[in-house]
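> Sequence below, structure please.
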Amino acid sequence: MSTPFAFDTEFDADGAVVRASAWKPVKRSYMPAEVEALVATARLEARQEALAEVENIRAMALTNIAQAAAAALPSLRTVAQTHREQSADLALAAARAIADAALHRFPQAPLRAALESLAQEIDASPRLVIRASGLDEVVRDQIEQACADSGFTGVVAFRDEPGMAVAAFQLEWADGRADHDPEGSAARVAEALSAALAAEAGHAEPPIHTDRSEF
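Purely as a prediction, here's the structure:
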């Protein structure tokens, strides 16, 4: 049901307007300047809506990136720890290969170094017992010369131990004993490195701080 005419203006007894009518006629024609103003307003509203949508998409993208990074971080830590362990194993293998080659070429070098470092301790001892493998006459002469160079003037007694590794030895004198085992030394180094890697596992990587201003 339509109402062709609506009179909603209220007047009092004296004819004064109490409530003005809210009705306004529909404007059916616009001046060119008005059209340009309406178009400009529509463009501004559309731009603001587009910017708001872009900001929402950007916020969602940042959230997804943060979630993906958080989910990947444990895996990255595992990969980094595995890389450390493999690098350490490779370094140990390379060092051991170099050390083995050096010891096979200069098997008496560790013993000479030990005699030099223990010179003051064995100097007053009347007898020094040396246990090692491959103690032929040439090697014995070299060791006796090394003892003399270190200041030892007592008797040097040799005990050939075929079961000992290359460059391994045992020294025994009146007041003490010293020994060297390349295999045992390598094992201790490997154990210490493994312990260090295990101690830093899980917290070696610094926390990742994301600067969102870069996006």
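
> how about low-confidence regions in the protein?
Residue ranges of the chain with pLDDT under 70: 1-15, 17-28, 202-215.

> for it, what spans make up the helices?
Secondary structure of the chain (DSSP state H): helices located at 32-105, 109-117, 119-122, 137-149, 182-200.

> which residues are contacting the last one?
What that stands for is helix 182-200. The contact list for helix 182-200 (CB atoms under 8 Å, 6 or more residues apart in numbering) reads 81, 84-85, 88, 92, 96, 99-100, 103, 110, 165-168. Yep, even glycine has a C-beta here, placed from its N, CA and C like the rest.

> Restricted to buried residues, select these in ChimeraX.
In ChimeraX, this line selects whichever of the contacts of helix 182-200 come out buried by 16 or more other CB atoms under 10 Å:
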select :81,84,103,110,165,167,168
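
> nearest to Tyr30, of the contacts of helix 182-200?
Gln81 (71.8 Å; CB to CB).

> Ser75 is in contact with that closest one, correct?
No. Gln81 is beyond contact range of Ser75, at 10.7 Å (criterion: CB atoms under 8 Å).

> Between the contacts of helix 182-200, which sits nearest Gly134?
Val166 (7.6 Å).

> Show the contacting residues for the closest one.
Leu103, His104, Pro107, Ser133, Gly134, Pro182.

> most surrounded residue in the residues you listed?
Using other CB atoms under 10 Å as the neighbour criterion, Pro107 leads the contacts of Val166 with 19 neighbours.

> Distance check, Ala91 against Ile98.
Separation of Ala91 from Ile98 (CB to CB, to the nearest Å): 11 Å.
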